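Engineer: Got a predicted structure here, sequence first:
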Amino acid sequence: MSFQLHLRMKKAERAIERVLGLVGRRGYEIEKILAQPSEGSSGIDVTLTIQSDRSGEVLVRQIAKLYEVEQVELTDRESDSLSLPNQRKMK
Amino acid sequence: MKGAEFFVQAMEREGVEVIFGLPGGAIMPVYDALLDSNIRHVLVRHEQAAVLAADGYARATGKVGVCMATSGPGATNLVTGIANAFMDSVPVVAITGQVPTSLLGTDAFQETDIFGITLPIVKHNFLVKRPDDLPWMVQETFRVARSGRPGPVLLDLPKDVMSAEGDYLSEPNGVREETPPPSPESLRSAVELLRRSRQPIIYAGGGIGMGRAVDEFRRFVEATRIPVVATLKGLGSLPTDHELFLGMIGMHGFRAANLAVQGCDLLLSIGARFDDRATGKLSTFAPSAKVIHLDVDPAEVGKLRRPDASVVGNLQSALRALSFPIEIGDWQKECLTNKVKHAWSYDAPTKLIYAPRFLKQLSEALGAGETIIACDVGQHQMWVAQHCHFQRPEQHLTSGGLGTMGYGLPAAMGAQLGRPDALVINVTGDGSIMMNLQELATIKRYNLPIKIVLFDNRALGLVRQWQELFFTRRYSEVDLSDNPDFARVAESFGIPAFRVEYQHEVESAIDRLLSADGPMLLHVCIDQEANVWPLVAPGASNSEMLEGAHK
């Protein structure tokens, strides 16, 4: 099963490493990474294409907890997106 | 003001009273600033003990535990304890010195990438590269550690940032973020499931104590009268001598508790995480049950078992909304009958000391006073969980998720420093105590009146047990028959100690131990072949509990 995660993140010390580490550690395989500065803000937009038999929704909830992650959306090729904003404030 | 001075004052504003640590080169500016602070520093003899003591302090007091070490080996020695706090959701702040920012990435003396090393085992971590970031990062370190599902946060402090002069603007400290209540919709579906259930069981986890929801939990139990089983960390959320408490579940769980879960039609998981040691083979765990999962952490919901209703948010309000009477008289009777039927037996046919009976006697001697038992890891840890009584979860300090041998002695130190009036007991084994034995010096230095009960079976007992049962008695590297004389070891640290070998000595030994003014070590020799029963074999269902001889 392949799905995509779309993250909006704050720029912070090794924030992308933190996300990639979490994904791998939780047993998901990353097929493709696209990271670029967010348009109109100082953050970063990251899109991950992931291959796994494990649930994408569980991974979304784990990623949403990361300090720098402001928003994460899950999409697959057919269904609508699931979006979980990270409600914590941060600098 | 120097960065280190600001940092120490900010910690004071965070309410930090005690720091466990050990100085070294890169952290020296902070140690210098500590001299002008009211914060008490407790010098340990190995950094692992600093972080485990901070963990024990946090669990016993409900406050954030703080430890400190220098860069390089000081920092890497914290790693096991940070992982321990992460697995058990304990609010610990780990402060590490770091080489000056100009030397970062150059393989400087005692440089190690502790930020990177700890990424997988912290709730969050910060590397303070600019003095301007110091105030908000300190504030966030403490806020993140204590809010929501608590956990360890590491703050890495380069030496030049700590030495830099600056005008630091204070951020408000002591920020505590309230966890939002669960949504009304999620509560409605949980209420519906609860009303329809005829055979519900409460599966109580460590989140009840960590989430300060013990009172609400008890009112919920009294209102619904649902029988309760607990995880290792959930022990004490309901007094273990409560009539509705069936016992711990899992690999070494109480038979009636495991059977109740296997037979229930509704499992209310409260602050628990379906750990494999608790569930046994997951696909056969509570096979006929619908599941209501209550947790502060949305990422736990559906991680291992898909719930029929999930209630995410603070447990206090969730439990209040579910506190109503339900009709489950027959089921309750069945569970309580099983509890009596499978009650522990303490009449092992031996003149030697039978550890479960010893712990029962110890627990009875302690009574309902303000006592804390800090365990190490292994057979004795399971016996404590099975046979000691706990009125509150913070009375039982145990390394649940990580299973860290060497946890108990430093955790007891942290608990004793956080709760000076409590009677703190470290129950340990001959394998575990050797992993942080050096802390006997700390106990002596601060005259911490900790009572150490050391079960000595001259083996790495739990591994020996598994080799006996699952590796055709091919014993591999578990023999410790050349152990030192532990009583003499303790005495050489200035801690009185004595040894017992026979059951008839136990009562007076416990009396002598508990009436000692200062620290004392009781060396308890037990049968090398004593095993923990019952046992669910790894990968088996919790309904398949093995029994064996009691020695």
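Structural biologist: Now that the structure is in, tell me what you want to look at.
Engineer: ok and the residue in chain B nearest chain A?
Structural biologist: B:Ala299 (4.2 Å; C-beta to the nearest C-beta). For the C-beta atoms, the positions are set from N, CA and C on the backbone; glycine is no exception.
Engineer: That residue - nearest residue in space that isn't next to it in sequence?
Structural biologist: Leaving aside its sequence neighbours, B:Ala299 sits nearest to A:Arg61 (C-beta to C-beta, 6 or more residues apart in numbering or on different chains; 4.2 Å).
Engineer: one step back: near the residue of chain B closest to chain A, how many other residues are there?
Structural biologist: With neighbours defined by other C-beta atoms under 10 Å in any protein chain shown, the count for B:Ala299 comes to 19.
Engineer: Go ahead and confirm it touches A:Glu57.
Structural biologist: No - between B:Ala299 and A:Glu57 there is no contact under C-beta atoms under 8 Å: 10.2 Å.
Engineer: pLDDT wise, what is the closest residue to B:Ser345 other than its chain neighbours at?
Structural biologist: Spatial nearest neighbour of B:Ser345, excluding adjacent residues (C-beta to C-beta, 6+ apart): B:His550 at 7.4 Å. On pLDDT, B:His550 comes in at 88.
Engineer: element containing B:His550?
Structural biologist: Assigned by DSSP states H and E, B:His550 falls within no helix or strand.
Engineer: need the contact list for the closest residue to B:Leu246 other than its chain neighbours.
Structural biologist: Among residues not flanking B:Leu246 along the chain, B:Ala257 sits closest, at 4.2 Å (C-beta to C-beta, 6+ apart). Counting by C-beta atoms under 8 Å, 6 or more residues apart in numbering or on different chains, B:Ala257 touches B:Val229, B:Ala230, B:Leu246, B:Gly247, B:Met248, B:Ile249.
Engineer: Now with 7 Å, please.
Structural biologist: Neighbouring residues of B:Ala257 by C-beta atoms under 7 Å, 6 or more residues apart in numbering or on different chains: B:Val229, B:Leu246, B:Gly247, B:Met248, B:Ile249.
Engineer: again, but for A:Leu5
Structural biologist: A:Leu48, A:Ile50, A:Val60, A:Ile63, A:Val72, A:Leu74.
Engineer: Equivalent analysis for B:Pro325, please.
Structural biologist: Going by C-beta under 7 Å, 6+ apart, the list of residues near B:Pro325 reads B:Ala223, B:Thr224.
Engineer: Reformat the contacts of B:Ala257 as a markdown table; add secondary structure and distance to B:Val384.
Structural biologist: Output for those, formatted as a markdown table (DSSP: H, G, I helix; E, B strand; the rest coil; distance: C-beta to C-beta, whole Å):
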| residue | secondary structure | distance to B:Val384 |
| --- | --- | --- |
| B:Val229 | strand | 17 |
| B:Leu246 | strand | 18 |
| B:Gly247 | strand | 13 |
| B:Met248 | strand | 11 |
| B:Ile249 | coil | 16 |
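Engineer: What are the boundaries of the helices in chain A?
Structural biologist: A:15-25, A:56-64 (DSSP state H).
Engineer: Let me know the average pLDDT across the shortest one.
Structural biologist: Predicted confidence along helix A:56-64 averages 95 (mean pLDDT).
Engineer: try the first one
Structural biologist: Confidence over helix A:15-25, taken as the mean pLDDT, stands at 97.
Engineer: List the contacts of that helix.
Structural biologist: So helix A:15-25 is in contact with A:7, A:9, A:30, A:35, A:46, A:48, A:50, A:59, A:62-63, A:66, A:68, B:119-120, going by C-beta under 7 Å, 6+ apart.
Engineer: What residues sit buried inside it?
Structural biologist: By neighbour count on 16 or more other C-beta atoms under 10 Å in any protein chain shown, the buried set for helix A:15-25 is A:Ala15, A:Ile16, A:Arg18, A:Val19, A:Leu20, A:Leu22, A:Val23.
Engineer: same deal with the shortest one?
Structural biologist: Within helix A:56-64, the residues that qualify as buried are A:Gly56, A:Val58, A:Leu59, A:Val60, A:Arg61, A:Gln62, A:Ile63, A:Ala64, counting by 16+ other C-beta under 10 Å.
Engineer: swap in stretch B:343-358?
Structural biologist: B:Ala348, B:Thr350, B:Ile353, B:Tyr354, B:Ala355, B:Pro356, B:Arg357, B:Phe358.
Engineer: now the residues you listed in TSV, with pLDDT and distance to B:Glu5?
Structural biologist: Formatted as TSV, those follow (pLDDT from 0 to 100; distance: C-beta to C-beta, whole Å):
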residue	pLDDT	distance to B:Glu5
B:Ala348	85	60
B:Thr350	89	61
B:Ile353	97	54
B:Tyr354	96	57
B:Ala355	97	51
B:Pro356	97	53
B:Arg357	97	55
B:Phe358	98	51
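Engineer: Give me the subset of the residues you listed lying in helices.
Structural biologist: Filtering these for helices - DSSP H - leaves B:Ala355, B:Pro356, B:Arg357, B:Phe358.
Engineer: ok, so of the contacts of A:Leu5, who is nearest B:Asn173?
Structural biologist: Nearest to B:Asn173 among the contacts of A:Leu5: A:Ile63, at 29.1 Å, using C-beta to C-beta.
Engineer: gap between the closest residue to the closest one other than its chain neighbours and chain B?
Structural biologist: Nearest non-adjacent residue to A:Ile63, counting by C-beta to C-beta, 6+ apart: A:Val72, 5.0 Å away. From A:Val72 over to chain B the distance is 12 Å, taken as C-beta to the nearest C-beta, to the nearest Å.
Engineer: burial of A:Val72, as a residue count?
Structural biologist: A:Val72, neighbours per other C-beta under 10 Å, totals 26.
Engineer: is it in a bridge, and if so with what?
Structural biologist: A:Leu7, A:Leu84 (DSSP bridges).
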